[in-house]
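1. Okay, predicted coordinates and the sequence, questions at the end:
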Amino acid sequence: MGLDSQELQTENTALKATIKELRDRIEELEKLADSDTLTPLPNRRFFLRELERVAKQVARYGTPAALLFVDVDGLKAINDAHGHGAGDDALIHVARLLRDQVRGGDIVARIGGDEFGLLLDRADEAAAREKAAALCALVARSPAPGAIAVTISIGIAALCGEDDHHSLLARADGAMYAAKRAQPRSDR
């Protein structure tokens, strides 16, 4: 027995609704797969994909871009003194500050426990250094919830044509540790 045109139309409408629901679920799952579970930022997976994309763009067109590798100083001390909830609050606080200070084409993500990455599109090393200094100053003068002082250290790596995400992260990470060692702080 075949379906009449009314039954086919009803089945077609139901099928379209199911397809839309599945597409919406897939979109939601894709967002979840790229989102950090604690902060209001994308995660490492998303950041590495975008870093590769921008590195290819730099190689192809020669446009400047820079990677900022951000480490929250003394997170273990915050956790030990105030509890892990306070440490989480400090991470969320820093994430929001960083997110609110980037341009529309820039990317900020949480890439590790107390580490964030910023990808500054069309920014040379001088602009990246200026942005890093401004971010360090902003975080230092903006206590986390509970009036907990938080500081950050930032390493910078300007993208060049032959970079892949491994070499970029290694260079920026090394620069961050150099910046951390250069600052006379007990909260490193």
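-> Noted; the coordinates are in hand. Numbering: from 1, shown residues only.
2. just checking, what packs against the longest helix anywhere in the chain?
-> Longest helix of the chain, by residue count under DSSP state H: helix 5-33. Contact partners of helix 5-33 among helices and strands, from 3 or more CB pairs under 8 Å, 6 or more residues apart in numbering; DSSP states H and E: none. The C-beta positions use only the backbone N, C-alpha and C, and glycine is treated the same way.
3. I'd like the next helix or strand past it.
-> helix 44-61 (DSSP states H and E).
4. mean confidence for that next one?
-> Averaging pLDDT along helix 44-61 yields 94.
5. tell me the domain boundaries of this structure?
-> 1-33, 44-182 (automatic domain parsing).
6. okay, these, which one's buried deepest?
-> Neighbour counts (mean count of other CB atoms under 10 Å) averaged over each of these peak at domain 44-182, with a mean of 18.
7. before we move on, the earlier item: quickly, which of the domains of the chain bottoms out on average pLDDT?
-> Among those, domain 1-33 scores lowest, at a mean of 86.
8. Tell me which residue lies nearest the centroid of the protein.
-> A109 (0.6 Å; CA atoms, centre = their mean).
9. Can you tell me what sits against the helix or strand that residue falls within?
-> In the assignment (DSSP H and E), A109 maps to strand 107-110. Residues outside strand 107-110 that contact it (CB atoms under 8 Å, 6 or more residues apart in numbering): 36, 38-39, 41-44, 46-47, 50, 91, 95, 98-99, 102, 116-119, 121.
10. Go ahead and name everything in contact with stretch 22-41.
-> Here stretch 22-41 makes contact (CB under 8 Å, 6+ apart) with 42-43, 45-46, 88, 91-92, 95-96, 98-99, 108-110, 116.
11. Equivalent analysis for stretch 153-161, please.
-> With CB under 8 Å, 6+ apart as the test, stretch 153-161 has contacts from 54-55, 58-59, 62, 64-71, 73, 124-125, 128-129, 132, 135-136, 163, 168-169, 171-180, 183, 188.
12. now, which of the residues you listed lie within helices?
-> Counting by DSSP H, the part of the contacts of stretch 153-161 found in helices is 54-55, 58-59, 125, 128-129, 132, 135-136, 168-169, 171-180.
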